[in-house]
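Engineer: just need the structure, nothing else, for what follows:
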Amino acid sequence: MPKHAETRHLPYTAAQMFDLVADVRRYPEFLPWVSAMRVRKDEADETLADMIVGFKGLRETFSSRVEKHAPDRLHVEYIDGPLKYLRNDWTFRDEPGGCAVDFAVDFAFKNRVFEALAGQVFGTALRKMIGAFEARAAVLYGSGTSSGSNSSSAHSAA
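Structural biologist: Residues are numbered from 1 along each chain as shown. As a prediction, this is how the structure comes out:
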């Protein structure tokens, strides 16, 4: 069951990063493997959406509820799809020169084959996804002044 948590320091405001991550409708424009998004409900404090993900011939739909606690926290609650469970949390804190973004994900697939596949590519895929959010922020908000360094990272693929 893959798990990952880390903090990134980015040269944007917490509100900018919150808005970027909360705008799930735009994910197919910049996130790797996300081929489509169907937003069923989008309100100030909650979004319900179906995300279609494709990777190496596999195609799956994930349904989730995004609880929005603007401007500093998002919680993703898994509803349906190929997973046993998914826990995903984002927090955003303004700090000198930008903001800190805390990201944590923990999930397990129902299917053992998918679980084994995920374990093999989890680290690489996660780095690519996080990089896509950072690149999107640079496109939307400019390159900023911070180094975008990773201050702490804890990763395990149990």
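
Engineer: what sits closest to Ala135 if chain neighbours are left out?
Structural biologist: Using C-beta to C-beta, 6 or more residues apart in numbering and skipping residues adjacent in sequence, the residue nearest Ala135 is Phe30, 7.0 Å away. In this view, the C-beta of every residue, glycine as well, is placed from N, C-alpha and C.

Engineer: swap in Ala70?
Structural biologist: With C-beta to C-beta, 6+ apart as the criterion, Ala70 has its nearest non-adjacent residue at 6.1 Å, and that residue is Phe18.

Engineer: does the one you found belong to a helix, a strand or coil?
Structural biologist: Under DSSP: H, G, I helix; E, B strand; the rest coil, the three-state class of Phe18 is helix.

Engineer: circling back to that earlier point, what about the residue nearest to Ala135, neighbour count?
Structural biologist: Counted by other C-beta atoms under 10 Å, the residues lying close to Phe30 total 16.

Engineer: ok, the most far-flung residue of the chain relative to its centre to His69 distance?
Structural biologist: The centre of the chain is farthest from one residue, Pro96, which by C-alpha atoms, centre = their mean lies 23.8 Å away. As judged by C-beta to C-beta, to the nearest Å, Pro96 and His69 stand 23 Å apart.

Engineer: so what would you say the end-to-end distance of stretch 33-47 is?
Structural biologist: Start-to-end span of stretch 33-47 (C-alpha to C-alpha, to the nearest Å) is 21 Å.

Engineer: ok, and what's touching that stretch?
Structural biologist: For stretch 33-47, contacts defined as C-beta atoms under 8 Å, 6 or more residues apart in numbering pick out 22, 24-25, 27-28, 48-55, 59, 65-70, 125.

Engineer: out of the residues you listed, which are buried?
Structural biologist: Neighbour counting by 16 or more other C-beta atoms under 10 Å classes Ala22, Val24, Tyr27, Leu48, Ala49, Asp50, Met51, Ile52, Val53, Val66, Lys68 among those as buried.
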